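Undergrad: make a model of this:
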Amino acid sequence: MLNPTVNRRIMEPVKIPITDELDLHTFRPGEVSGLLKDYLTECFRAGIYSVRVIHGKGTGSLARSVHACLSKNPMVRTFSLAPPGSGGWGATLVELETKK
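TA: Purely as a prediction, here's the structure:
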């Protein structure tokens, strides 16, 4: 029988630097909704109102998930796919409201 205290993995919070870019490649799909909401809140607090969210191209399912989250977030003024030089359909540009 395995000792549960030896095999238990302690999960510590991950600290992400707050910049005008969020790359979702290292996160699991189930983490994206909460992460995106929290990240945009921290951007707003830091005075960052334009954010590029990199979701990758793939099947487009992560992009659709990101867009669904953004459309429900009252802090988001607008969002659109990035132009070709900024990631094209593999990234989304987000403009936040400047007042809460």
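Undergrad: now do the contacts for the spatially most central residue of the chain.
TA: Central residue of the chain (CA atoms, centre = their mean): Leu36, 3.6 Å from the mean position. By CB atoms under 8 Å, 6 or more residues apart in numbering, Leu36 lies in contact with 22, 53, 66, 69-70, 73. To be clear about C-beta, it is placed using only N, CA and C from the backbone, and glycine gets the same treatment.
Undergrad: where does the chain have low pLDDT?
TA: Flagging of the chain using pLDDT under 70 yields the residue ranges 1-11, 14, 100.
Undergrad: so where's the longest helix in this structure?
TA: For the chain, the longest helix by residue count, based on DSSP state H, is helix 32-45.
Undergrad: which other residues reach the host helix or strand of Leu22?
TA: Under the criterion of DSSP states H and E, Leu22 resides in strand 21-23. The contact list for strand 21-23 (CB under 8 Å, 6+ apart) reads 16, 35-36, 39, 51-54.
Undergrad: not counting its neighbours along the chain, what's nearest Lys37?
TA: Nearest residue to Lys37 in three dimensions, chain neighbours excluded: Asn73, at 6.4 Å (CB to CB, 6 or more residues apart in numbering).
Undergrad: relative to Asp38, how far out is the one you found?
TA: Look at Asn73 and Asp38: by CB to CB, to the nearest Å, they are 11 Å apart.
Undergrad: which of these two has more neighbours?
TA: The neighbour comparison of Asn73 against Asp38 (other CB atoms under 10 Å) goes to Asn73, with 17 against 11.
Undergrad: pretty sure the more buried one is touching Leu40, no?
TA: Yes - the pair Asn73 / Leu40 is scored as a contact, 6.5 Å apart, by CB atoms under 8 Å.
Undergrad: so which helix or strand takes in the nearest residue to His25 once chain neighbours are set aside?
TA: Nearest residue to His25, sequence neighbours excluded (CB to CB, 6+ apart): Gly56, at 6.1 Å. Element membership of Gly56, judged by DSSP H and E, is empty: it is in no helix or strand.
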